[in-house]
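Participant: Sequence and predicted structure are below.
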Amino acid sequence: METSFGTFYPSDDIGERKLPDNTAYLEQHNIWRAGSERARALGRSFRDALDAGRTVHLLGFLGTSHNSGVALVEASRARGIVTVANCEEERFCALKHHSGYPAHSVREIARILKRRGVPASDVFAVLYAFDVVHEEQGALSALLMNPKVVRGHQFRKYLDSVKPETTLREDEAQQMRRNMFSHAPHLVNVFRSLACDLGLPTATPCIQMLHHESHAAVAYAQSPFGKAERRGRATLIACVDGGGDLSSISTFKTRDGEIEPLRRNRRVNSLETFYMLCAIALGGWTALNVEGDARSDNRFMAAAALGNLSRMTNPFYRQLRQYFHFAPGGECFVNALMADDSLSGLEKVVGPFYAEAGDRKVDPARLSRDLPMTQRRLDVAAAVQLVFEDVLFHLVGAAIQETGADQLVLCGQAAMNGMANAALLEHFDASYYAHYELGETRLKLWVPPVAADPGAVAGAAYRFAMSNAALTDTESPIAFGCGMAPGIEEVDRAIAQAPGIRSQAAENPAEQIAKLVAGGEAVGIFQGAAENGARALGHRSILFDPCDPGARTIVNREVKQRESIRPLSVMVTLDDAPNWFELSGGASAADFDAYGYMLIDARATDAARRKMPSTVNAAGFSRIQIVRPDANPLIFAVLKAVGRRTGAEAAINTSLNVGTPIVQTPEQALAIFSRGSRLDCLVFVGSEGGARLVRRDTVHGPARQELFCEVE
């Protein structure tokens, strides 16, 4: 089978077994693969429409896996590629990592199309963020090549069913096949639902785009390196994910703005899955909430910062590093002896950890509070973080030496690891390039605000458009595109329905917010369209004074009702940031835009440790967000006003939620407010003007002490 990466499954990997292929079945339902003749013909029609001066409307879509959603993307010669909206289903239904058909997001896209006067018949195509044929074949191929690395009882039983000596009954084998290869029928069902709910014409096609290419396209297009003035320089793109349709790690290079595959690994050799499994087996954290995902508030990274981060002295680092074989060319292979589906290999390596925990294994269903936060446990987390960084160094270093590139765009779920991103900047500095005679330069890094799977939803449309001659010069990163921005009338209706609160007009919201924050209050901010991605960036945020010596306890315990070990993120103006943090030259593109999304940690200065210690982790780094007046004028004005009162143009910024996804609607924000946490007030700002300050009629309730754990 040929792909853009070359031959996908060589015959010597799977013997004589024939992999199933649902391509024909999908084509019967107007669902096509990216390399098909139908997709190529559609691309020609797309280019013709652009050349004729038309604006083409595309829908990115994901509806058969976690983080489902819908994105509306427009392309034209005049404006390039523009993300109109990227709706994440979890925000509307309040279920983290929602899996399945994104019904609420589809309804929101229908509202947006109607408001913009775009009939459903004008939707050119639906671009799906996975190739489900590759997804189905990849799952079986991974089993046939190395079954010990693949977790899951059903997968093991299915593997038995394809062996000649199987004892599995035929009806059981058929059920396993249905479970294994349900992606195609599922896609047919969700595409049919999408077309019905939006009223799309029956002729509207769905094109399956490769998952990692979708990630790479939107990340590069919105980066400073994708703009015309920098497009002539070689840029690397690394997508590090749990597992795409073809691989878990893919690297690309750009040539005059064109994205070309460089290298991919096999899906079973997954760095992100290693991080996730270690967090479950060794830390007691839950899946999909560990590898830098802000929706888990970075518990495992917070623990890692408190552990021994020395490769020389950490007692678990050498053993855990054996999980991977570091091969030439940036390849990393999982050690199957340490990666069976029972995780017994990992348990043997870190046996002393379990002894300290009371000779009991960690139940993945339990949260971190079930085990004491001992130093040994923290050192295990630190060792996992170090191995994670080693793999990144290995694959990025090989790509740099092969291409000589000094620009890197990092995407995929693993790109959410701000500690590792900061380590990349320190590792690939000017001395590295000088040592390998690569010129007088250093690595420049950019991570998109929507690095994880919600970014790939819009990215599928970007990949299609960019592959068919659409330019991206006018697009800036879309940090606030999750649905429509509520007006003040919608806010007032929600307030009228909420019991036990009182509201008043906020005539000068920036000054009022600054006064409240500097006075020690925890202030919820609700303005405009919600953030895309896992970081709250000032549209759905809770602000607090970073200079308050008790900030960590107040925000973690009383406001967010979570473990107190977590350092707090801080937003700061660009003018004031150098007074508190060491900004890396590797993040300086577009006026330090890389620091705008809380995805690259910055080393804190001594002044920051003294002035705002709650924002500095044990390793001496802070997760920062540089705020600019053009991107977020209200928050910029708030920070300026806070600075006049406290001496630091900075505020602690944490997401407006308590145990849920970031809130989407005024009703959700008011529900969070009414739960009795230490959140003192909410400020709503309407999309077309008007603001409301909301307080409770009664005082806040006590914090939920059972959620907290301390370092022993």
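Facilitator: That came through fine. All figures in this text were calculated on a predicted structure; none of them were measured in a lab.

Participant: all contacts plus neighbour counts: C-alpha atoms, from now on.
Facilitator: Noted.

Participant: Number of residues surrounding Lys640?
Facilitator: By other CA atoms under 10 Å, the residues close to Lys640 number 21.

Participant: List the contacts of it.
Facilitator: By CA atoms under 8 Å, 6 or more residues apart in numbering, the residues touching Lys640 are 573, 649.

Participant: now it: how far from Pro578?
Facilitator: As judged by CA to CA, to the nearest Å, Lys640 and Pro578 stand 15 Å apart.

Participant: Assign Ile259 to helix, strand or coil.
Facilitator: At Ile259 the chain is in strand, as set by DSSP: H, G, I helix; E, B strand; the rest coil.

Participant: Find the nearest non-adjacent residue to it, please.
Facilitator: Lys253 (5.9 Å; CA to CA, 6 or more residues apart in numbering).

Participant: what's the answer for Leu425, then?
Facilitator: Nearest non-adjacent residue to Leu425, counting by CA to CA, 6+ apart: Gly586, 6.0 Å away.

Participant: same question, Ile400
Facilitator: Distance criterion CA to CA, 6+ apart; nearest residue to Ile400, sequence neighbours excluded, is Asp406 at 7.1 Å.

Participant: Next up, the contacts around the closest residue to Ser68 other than its chain neighbours.
Facilitator: Nearest non-adjacent residue to Ser68, counting by CA to CA, 6+ apart: Leu62, 4.9 Å away. By CA under 8 Å, 6+ apart, Leu62 lies in contact with 68-70, 101, 128-130, 457.

Participant: rewinding a little: name the helices or strands packed onto the helix or strand harbouring the residue nearest to Ile259?
Facilitator: Assigned by DSSP states H and E, Lys253 belongs to strand 249-255. When contacts are defined as 3 or more CA pairs under 8 Å, 6 or more residues apart in numbering; DSSP states H and E, strand 249-255 packs onto strand 236-240, strand 258-264.

Participant: Show me what counts as buried in the last one.
Facilitator: Residues of strand 258-264 classed as buried by neighbour count (16 or more other CA atoms under 10 Å): 259-264.

Participant: Measure how buried Asp256 is and give me the count.
Facilitator: 13.

Participant: mind checking pLDDT for it?
Facilitator: pLDDT, Asp256: 81.

Participant: hang on, it packs against Arg231?
Facilitator: Yes: checked against CA atoms under 8 Å, the pair Asp256 and Arg231 is within contact range at 5.5 Å.

Participant: ok, the residue most central in space within the chain to Ser270 distance?
Facilitator: Relative to the mean C-alpha position of the chain, the nearest C-alpha, by CA atoms, centre = their mean, is the one of Ala452, at 2.7 Å. Noted for Ala452: a distance of 15 Å to Ser270, by CA to CA.

Participant: now Gly226
Facilitator: 27 Å.

Participant: hang on, the earlier thing: buried ones in the strand holding Lys253?
Facilitator: For strand 249-255, burial by neighbour count (16+ other CA under 10 Å) applies to 249-254.

Participant: next one: stretch 570-584
Facilitator: Using 16+ other CA under 10 Å as the test for burial, stretch 570-584 gives 570-574, 576-577, 580-581, 583-584.

Participant: Out of those residues, the closest to Asn335 would be?
Facilitator: The closest of the buried residues of stretch 570-584 to Asn335 turns out to be Ser584 (CA to CA; 35.0 Å).
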